[in-house]
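# Next comes the sequence, and after it the predicted model I'd like to discuss.
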Amino acid sequence: MKYRHSFHAGNFADVHKHVALLALLRIMQRKDKGFLYLDTHAGAGRYDLAGPDAHHGTEARHGITALMNAAAMPQAQEINDYRGAVAALRAEIGDAHAYPGSPWLAAHTLRAQDRGICWEILPSECRALERALGGFRRMRVECADGYQQLSAVLPSRERRCLLLIDPPYENPSAELDQAVQNILSSLQRLANTVIMMWYPIKDERTVTPWLARVERALSAPALSLELWIYPRDSRVGLNGSGLLLVNPPYQFDQRSALWQPELHAMLDKGQQGGCALQWLVRASDVDHAGA
């Protein structure tokens with residue numbers, strides 16, 4: 001595997017994913033009872049957007065840089081929370097080009113009663129992750145295949161879990177289906193697990209039938225959030241960002257319907273794209289997520 005998160009750190013898709021993740025973490029903390037955070041493909045945890053691996057911030061210009069430099073204060077609290085988290089990291093280490101990955105955002109948010117495990121299979125990335133999270137006692141880093149480790153930690157003793165799945169997608173079709181299989185097996189172990197899976201929007205001919213398969217496979221409530229800044233079938237590479245939410249917490253869909261259009265407007269300066277929220281499997285009146 002040659003993929004590294006740093007290649008695309010801070011781009012529009014990363015921002016979309018991180019706003020949603022931080023919103024989920026905040027919602028999970030509405031209850032005093034602790035939860036377990038899991039990240040199957042954690043990456044290095046922190047990135048230098050001025051460095052060569054991040055193409056000196058080229059992709060970030062249409063993502064986190066645009067968001068942080070926005071003249072007007074966003075109305076949605078979720079976007080402001082995320083901007084505040086990025087600003088906090090930069091102030092903490094004194095680097096205006098620092099960018100937090102999902103593990104850092106989660107580690108910085110966990111309370112005393114919460115804990116987290118981040119898995120990263122690439123040795124160099126894992127060592128960087130250990131350095132980035134060295135000061136966070138509530139987060140454990142393991143150099144391992146996250147998928148293979150899920151069975152060892154679920155069901156968790158907390159009986160509440162937030163699972164992030166963000167594969168490299170070097171083989172998109174196979175990895176999309178592999179992710180769904182891991183979602184299904186995780187739900188068998190802990191049915192109320194809140195799961196967020198990121199998926200790329202590159203080709204409508206791949207995404208649409210895959211979402212149809214997800215809809216047939218799942219019995220738990222499932223929601224998709226999509227944001228794209230290029231026409232969905234253009235040949236630029238990555239046209240959009242998709243998030244599959246399984247067992248989304250109460251009112252997460254209503255809040256997403258507010259912050260996602262605002263985020264899209266801030267990132268899609270060319271007005272070529274759009275955003276969408278769609279229930280794949282409808283939630284019942286019961287709060288399945290337990291968040």
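Happy to help now that I have it.
# Check which helices and strands the helix or strand hosting R255 sits against.
For R255, the enclosing helix or strand under DSSP states H and E is helix 252-267. With contacts taken as 3 or more C-beta pairs under 8 Å, 6 or more residues apart in numbering; DSSP states H and E, helix 252-267 sits against helix 12-28, helix 64-68, helix 77-93, strand 222-228, strand 274-281. C-beta coordinates here come from the backbone N, C-alpha and C atoms, glycine included.
# which helices and strands sit right next to the second one?
This means helix 64-68. Counting contacts by 3+ C-beta pairs under 8 Å, 6+ apart, helix 64-68 is packed against helix 12-28, helix 77-93, helix 252-267.
# mean confidence score for the last one?
Read that as helix 252-267. Confidence for helix 252-267, expressed as mean pLDDT, is 97.
# mind checking how far that helix is from the chain centre?
15 Å (C-alpha atoms, centre = their mean, to the nearest Å).
# Only the buried residues of that helix, if you could.
Neighbour counts over helix 252-267 (16 or more other C-beta atoms under 10 Å) mark F252, D253, R255, S256, W259, Q260, P261, E262, L263, H264, M266, L267 as buried.
# so the second one makes contact with Q278?
Spelled out, that is D253. No: using C-beta atoms under 8 Å, D253 makes no contact with Q278, being 9.7 Å away.
# which residues of the stretch 51-200 of the chain score low on pLDDT?
53-57 (pLDDT under 70).
# All the helices of it, in order from the start?
For the stretch 51-200 of the chain, applying DSSP state H, counting those that start in this stretch gives helices covering 64-68, 77-93, 102-109, 123-132, 146-153, 172-189.
# any common contacting residues for D253 and Q278?
Shared contacts of D253 and Q278 (C-beta atoms under 8 Å, 6 or more residues apart in numbering): L223.
# L150: what's it in contact with?
Counting by C-beta under 8 Å, 6+ apart, L150 touches L38, T40, L163, N182, S185, S186, R189.
# oh sorry, the question was meant for A13
Residues in contact with A13 (C-beta under 8 Å, 6+ apart) are G63, W198, P200, L227, L238, G240, S241.
# same check, this time on S224
By C-beta under 8 Å, 6+ apart, the residues touching S224 are L211, G242, L243, L244, L245, A276, L277, Q278, L280.
# out of these, who's nearest L22?
Using C-beta to C-beta, L243 comes nearest to L22 of the contacts of S224, at 12.7 Å.
# which SS state does that closest one fall under?
Of the three states, L243 takes strand according to DSSP: H, G, I helix; E, B strand; the rest coil.
# Neighbours of it, how many?
When neighbours are defined as other C-beta atoms under 10 Å, L243 has 25 of them.
# ok so, going back, output the buried residues of helix 252-267 as TSV; include the columns distance to I121.
Converted to TSV, the buried residues of helix 252-267 look like this (distance: C-beta to C-beta, whole Å):
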residue	distance to I121
F252	30
D253	33
R255	33
S256	30
W259	32
Q260	31
P261	36
E262	35
L263	30
H264	32
M266	34
L267	30
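# hang on, the earlier thing: go through the helices of the stretch 51-200 of the chain and pick out the most buried.
Stretch with highest mean neighbour count among these: helix 102-109 (a mean of 24; mean count of other C-beta atoms under 10 Å).
# could you dump that one to PDB, C-alpha only?
Extracted in PDB, the C-alpha atoms of helix 102-109 (Å, rounded to 0.1, in the frame of the first residue of the first chain):
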ATOM      1  CA  SER A 102      -9.200  12.300  12.600                       C
ATOM      2  CA  PRO A 103      -7.200  10.700  15.500                       C
ATOM      3  CA  TRP A 104      -6.100  14.000  16.800                       C
ATOM      4  CA  LEU A 105      -9.600  15.500  16.600                       C
ATOM      5  CA  ALA A 106     -11.000  12.500  18.500                       C
ATOM      6  CA  ALA A 107      -8.100  12.400  21.100                       C
ATOM      7  CA  HIS A 108      -8.500  16.100  21.800                       C
ATOM      8  CA  THR A 109     -12.300  15.600  22.400                       C
END
